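Student: Using only what follows, build the 3D model:
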Amino acid sequence: MAYIRFTFDTKKLKIEPYINIYPLPCMHIGAAQCDMEFLKDHLGRIEADPNARVVYMGDGGECVTKYSKGEIYKQLCSPQRQQDIIVDLLDPIKDKILFGIRGNHGNRIFKETGLSFDKTLCTALGVQYLGPAAMANIVVNRSSYDAYFHHGIDSGVSLSTKIAKATAFGAFISADAIFTAHSHVAIDLQPAALIEADNVNARTKVRMRHQYICGSAYDSRTGYAEEKGYPPLLPSYIVVGFDGRVSNGHARYGQESHVWRSGGERDLRHDYPLDYLDTEEN
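Tutor: Next comes the predicted model:
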């Protein structure tokens, strides 16, 4: 597993004393179900937030191949065009992207060709690519947080199954925050109060571990979920703020989340977003 550290001095950066982490999984560019308007609104929100930092968490493209799941002829464009669109979309915020990890859709291409969709995407953006998972130490002034990032694993249909698959990472990951995705829901799960021994000060202490499922830009009211009779999910994304304030000489710790959800405004009579017709594929 990759390890990486980021240190933010908010006074030098001239921002408020916190950092907002925007996980960005499951855009699914190339699928007709990608809600481009919702995605663009969210990217605009990130661009306008001076405290924003982003982690790309895979499945930027739909990446259906001849040998993978999904309907290849229902993709709106090729995987290369999907990547080009993602690069164009993320270019205004690329300096805010801390790193990227892989998703299962991009990994389809790697398994068949040995070429990593997610790694080449990160390279095109000038972003560090860290493989399937990463532990990031995020230091905000004097407050230090350990955050684990993984795209997630097969999540099932019911909400309880999705949550169970996400919380499974808590069985072996010790971190202040665990970020997973894949299930297309955005949820701040109930934090776990972990009791630890503080042997330096000869006392016990409590570590709060938060777990987040990070959402998607995928509107499943049509397509595969509709055909299978699965409950539809609308696009949603989460942001998590990490406190970096200092009070009475002591670092403060805390995490605060917010979820943005689609109101379902997308016109489902259209099978594709017009954005894909703006330029031709080379």
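Student: which residue ranges form the strands in the stretch 151-282 of the chain?
Tutor: 177-180, 186-188, 192-198, 203-216, 236-243, 246-247, 250-251, 255-261 (DSSP state E, counting those that start in this stretch).
Student: just those: most buried one?
Tutor: Burial of the strands of the stretch 151-282 of the chain is given as mean neighbour count (mean count of other Cβ atoms under 10 Å); strand 177-180 ranks first at a mean of 26. Every C-beta, even on glycine, is put in place using the N, C-alpha and C of the backbone.
Student: got the strands of the stretch 151-282 of the chain as JSON lines, with distance to I72 and mean pLDDT columns?
Tutor: Putting these into JSON lines (distance: least, Cβ to Cβ, whole Å; pLDDT from 0 to 100) gives the following:
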{"stretch": "strand 177-180", "distance to I72": "27", "mean pLDDT": "98"}
{"stretch": "strand 186-188", "distance to I72": "28", "mean pLDDT": "98"}
{"stretch": "strand 192-198", "distance to I72": "42", "mean pLDDT": "94"}
{"stretch": "strand 203-216", "distance to I72": "21", "mean pLDDT": "96"}
{"stretch": "strand 236-243", "distance to I72": "27", "mean pLDDT": "98"}
{"stretch": "strand 246-247", "distance to I72": "54", "mean pLDDT": "94"}
{"stretch": "strand 250-251", "distance to I72": "52", "mean pLDDT": "94"}
{"stretch": "strand 255-261", "distance to I72": "30", "mean pLDDT": "98"}
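Student: Nearest to L90, out of those?
Tutor: Closest to L90 of those, according to Cβ to Cβ: strand 236-243, at 14.0 Å.
Student: can you give me the offset of the closest one from its chain's centre?
Tutor: 10 Å (Cα atoms, centre = their mean, to the nearest Å).
Student: Tabulate the strands of the stretch 151-282 of the chain (CSV), appending distance to I4.
Tutor: Formatted as CSV, those follow (distance: least, Cβ to Cβ, whole Å):
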stretch, distance to I4
strand 177-180, 14
strand 186-188, 24
strand 192-198, 23
strand 203-216, 18
strand 236-243, 15
strand 246-247, 24
strand 250-251, 21
strand 255-261, 19
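Student: Of all the ones you listed, which one comes closest to C63?
Tutor: Per Cβ to Cβ, nearest to C63 of the strands of the stretch 151-282 of the chain: strand 203-216, 14.5 Å.
Student: in its sheet, what does the closest one sit against?
Tutor: strand 177-180 (parallel), strand 186-188 (antiparallel), strand 192-198 (antiparallel), strand 236-243 (antiparallel) (DSSP bridges).
Student: Also compute the angle for it relative to strand 255-261, please.
Tutor: Note on geometry: by axes from the mean of the first three to the mean of the last three Cα atoms, to 10 degrees, strand 203-216 and strand 255-261 are set 20 degrees apart in direction.
Student: How about S155: what's its closest non-neighbour residue?
Tutor: Leaving aside its chain neighbours, S155 sits nearest to S183 (3.5 Å; criterion: Cβ to Cβ, 6 or more residues apart in numbering).
Student: hang on, the one you found packs against V157?
Tutor: No: at 9.6 Å, S183 does not count as touching V157 under the criterion of Cβ atoms under 8 Å.
Student: Tell me which of those two has more neighbours.
Tutor: Counted by other Cβ atoms under 10 Å, S183 and V157 do not tie: S183 has more neighbours, with 26 against 13.
Student: in which helix or strand would I find D41?
Tutor: Assessed by DSSP states H and E, D41 sits inside helix 36-48.
Student: Restrict stretch 173-193 to CA atoms and write it as CSV.
Tutor: C-alpha atoms of stretch 173-193 as CSV (Å, rounded to 0.1, in the frame of the first residue of the first chain):
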residue,chain,number,x,y,z
ILE,A,173,-7.5,-0.4,8.6
SER,A,174,-6.5,1.8,11.5
ALA,A,175,-7.1,5.4,10.4
ASP,A,176,-9.0,8.5,11.4
ALA,A,177,-11.0,8.4,8.1
ILE,A,178,-11.7,5.6,5.6
PHE,A,179,-12.9,6.6,2.2
THR,A,180,-14.4,4.1,-0.2
ALA,A,181,-16.8,4.3,-3.2
HIS,A,182,-17.9,1.8,-5.9
SER,A,183,-21.5,1.5,-4.5
HIS,A,184,-22.7,4.9,-6.0
VAL,A,185,-24.1,6.1,-2.7
ALA,A,186,-22.8,9.0,-0.6
ILE,A,187,-23.0,8.4,3.2
ASP,A,188,-21.2,9.5,6.3
LEU,A,189,-21.4,6.4,8.4
GLN,A,190,-21.7,6.4,12.2
PRO,A,191,-18.2,7.1,13.6
ALA,A,192,-16.6,4.4,15.8
ALA,A,193,-15.1,5.3,19.1
